[in-house]
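Participant: Quick one, structure for this:
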Amino acid sequence: MTLLSATLGQEGLLRKALLVIGGSLFIALAAKISVPMLPVPMTLQTLAILMVGFAYGSRLGAVTLLAYLAQGAMGLPVFTPTTALGVAAFVGPTAGFLIGFVFMAWAAGWAAERGLAKGFLGTAMSAVVISALLYVPGIAWPMVLGSVIGIEGGWLAQGVGYYWAYFISPFLAGDAVKAVVAALIVTGAWAALSRR
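Facilitator: Have a look, this model is predicted:
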């Protein structure tokens, strides 16, 4: 059971469509919020994706992220301010992360459906693991793309140390904070539902 099914029951097609639109707008707004943090500022984009997944479940969460990516591909300003607009976002250095967002929402929903994301510790651990797995497509994209097109340099086809230094390590502290915040929100929502 997810938060959505616990509060709204079985949703109709129109309600699901509205939830997808609302969820994608929620993620777009979160992508624009930058929180000062060391070593780099963090946006709330992945926190919003986790929340959509935990609340919506695996399928509706993944569909919401596909809608979000479609909005970005159409040129709507839904991504973080540093991400290219339109189709260019899907060939740039963060394209692997964008595609990984669909898996991220699906995995959070899957964890919620299996009861892994109900208590604080289970939700926090699920969020940490899911956030860590996002780095797999995130760094696979520039590594594979560089070898396929035969270009090395810039962000393409670098060694693991490069991707660790620029794509992963600066964001780990923010991921941990967002995992805890997600766990607090989800646990709080379940506690509020149990008091109804």
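
Participant: Surely Leu60 and Ile21 touch.
Facilitator: No. Checked against CB atoms under 8 Å, the pair Leu60 and Ile21 is beyond contact range at 11.9 Å. To be clear about C-beta, it is placed using only N, CA and C from the backbone, and glycine gets the same treatment.

Participant: Who has more neighbours out of these two?
Facilitator: Comparing Leu60 with Ile21 by other CB atoms under 10 Å, the one with more neighbours is Leu60, at 23 against 14.

Participant: Quick check, pLDDT for the more buried one.
Facilitator: pLDDT, Leu60: 96.

Participant: buried stuff in the longest helix belonging to the chain?
Facilitator: Longest helix in the chain, counting residues (DSSP state H): helix 172-194. Neighbour-count burial for helix 172-194, counted by 16 or more other CB atoms under 10 Å, picks out Gly174, Asp175, Lys178, Ala179, Val181, Ala182, Ala183, Ile185, Val186, Thr187, Ala189, Trp190.

Participant: Would you agree the last one is in contact with Thr7?
Facilitator: No. Counting by CB under 8 Å, Trp190 does not reach Thr7; the two are 10.5 Å apart.

Participant: Tell me how far the strand or helix carrying Ala105 lies from the chain's centre.
Facilitator: For Ala105, the host element (DSSP states H and E) is helix 95-113. Its chain's C-alpha centre and that of helix 95-113 lie 6 Å apart, by CA atoms, centre = their mean, to the nearest Å.

Participant: And the next helix or strand past that helix?
Facilitator: helix 120-133.

Participant: Touching, Ala124 and Val181? I think so.
Facilitator: No. Look at Ala124 against Val181 with CB under 8 Å: they stay out of range, at 9.4 Å.

Participant: still on that earlier bit, just want the angle from the helix holding Ala105 to helix 172-194.
Facilitator: When axes from the mean of the first three to the mean of the last three CA atoms, to 10 degrees is applied, the directions of helix 95-113 and helix 172-194 differ by 30 degrees.

Participant: got the buried residues for the one helix or strand in the chain whose mean pLDDT sits lowest?
Facilitator: In the chain, the helix or strand scored least confidently by mean pLDDT, DSSP states H and E is helix 3-8, which has a mean of 80. In terms of neighbour count (16+ other CB under 10 Å), helix 3-8 has its buried residues at Leu3, Leu4, Ser5.

Participant: What helices and strands are in contact with it?
Facilitator: helix 45-56, helix 172-194 (3 or more CB pairs under 8 Å, 6 or more residues apart in numbering; DSSP states H and E).

Participant: Recalculate using a threshold of 10 Å.
Facilitator: Contacts defined by 3 or more CB pairs under 10 Å, 6 or more residues apart in numbering; DSSP states H and E place helix 3-8 against helix 13-32, helix 45-56, helix 58-73, helix 95-113, helix 172-194.

Participant: Next, the angle from the last one to helix 120-133.
Facilitator: Translated: helix 172-194. Using the same axes, to 10 degrees: helix 172-194 against helix 120-133 is 140 degrees.
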